[in-house]
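A.B. asks: Quick one: sequence plus predicted model below, questions after.
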Amino acid sequence: MLEANCHAHTRDQTVLGVLDVKIDLKDVDQQIAGQQIQIDRPGCYCDRCIRPLYRLFRQKWIGKPVRELVRATNQVSSGNFNYTIDDLGKDELEFLQSRSIK
């Protein structure tokens, strides 16, 4: 059924037609490739700068205190109740130190 004289389709018809458009995308592909290089290059530089800083942070503020707690736990488990831990800092590890080994 037609709604009005200017409509040539029924209400149930949702697709009215298909357009077949052909566009050369070589220029677009080149632009995308150039932008990808511009995006990737700073990412590589950031990765080279941030990764060593992260390793340093992990070793100094996480690895060393945890290793010290493990060493202290092993000392206590083998019977050395006089073992003391050097200052681990002012955070959760200090809390563990103060609660576990004196």
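C.D. replies: Ah, there it is. Residues are numbered from 1 along each chain as shown.
A.B. asks: element containing the residue most central in space within the chain, please.
C.D. replies: The centroid of the chain falls nearest to D47 when counting by CA atoms, centre = their mean (12.2 Å). If you go by DSSP states H and E, D47 is part of helix 26-57.
A.B. asks: average pLDDT for that helix?
C.D. replies: Averaged across helix 26-57, pLDDT comes to 84.
A.B. asks: Next secondary structure element downstream of it?
C.D. replies: Moving toward the C-terminus from helix 26-57, the next element (DSSP H and E) is helix 64-77.
A.B. asks: Which positions within that next one qualify as buried?
C.D. replies: Within helix 64-77, the residues that qualify as buried are 65, 68-69, 72, 75, counting by 16 or more other CB atoms under 10 Å. C-beta here means a position set from N, CA and C on the backbone, and glycine is covered the same way.
A.B. asks: Include pLDDT and distance to I32 when you put those into JSON lines, please.
C.D. replies: Below are those laid out as JSON lines (pLDDT from 0 to 100; distance: CB to CB, whole Å):
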{"residue": "P65", "pLDDT": "80", "distance to I32": "47"}
{"residue": "E68", "pLDDT": "85", "distance to I32": "51"}
{"residue": "L69", "pLDDT": "84", "distance to I32": "51"}
{"residue": "A72", "pLDDT": "87", "distance to I32": "56"}
{"residue": "Q75", "pLDDT": "90", "distance to I32": "60"}
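A.B. asks: would you turn those residues into JSON lines with distance to G43?
C.D. replies: As requested, the buried residues of helix 64-77 are exported to JSON lines (distance: CB to CB, whole Å):
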{"residue": "P65", "distance to G43": "32"}
{"residue": "E68", "distance to G43": "36"}
{"residue": "L69", "distance to G43": "36"}
{"residue": "A72", "distance to G43": "41"}
{"residue": "Q75", "distance to G43": "45"}
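A.B. asks: Before I go, just wanted to say thanks for your time.
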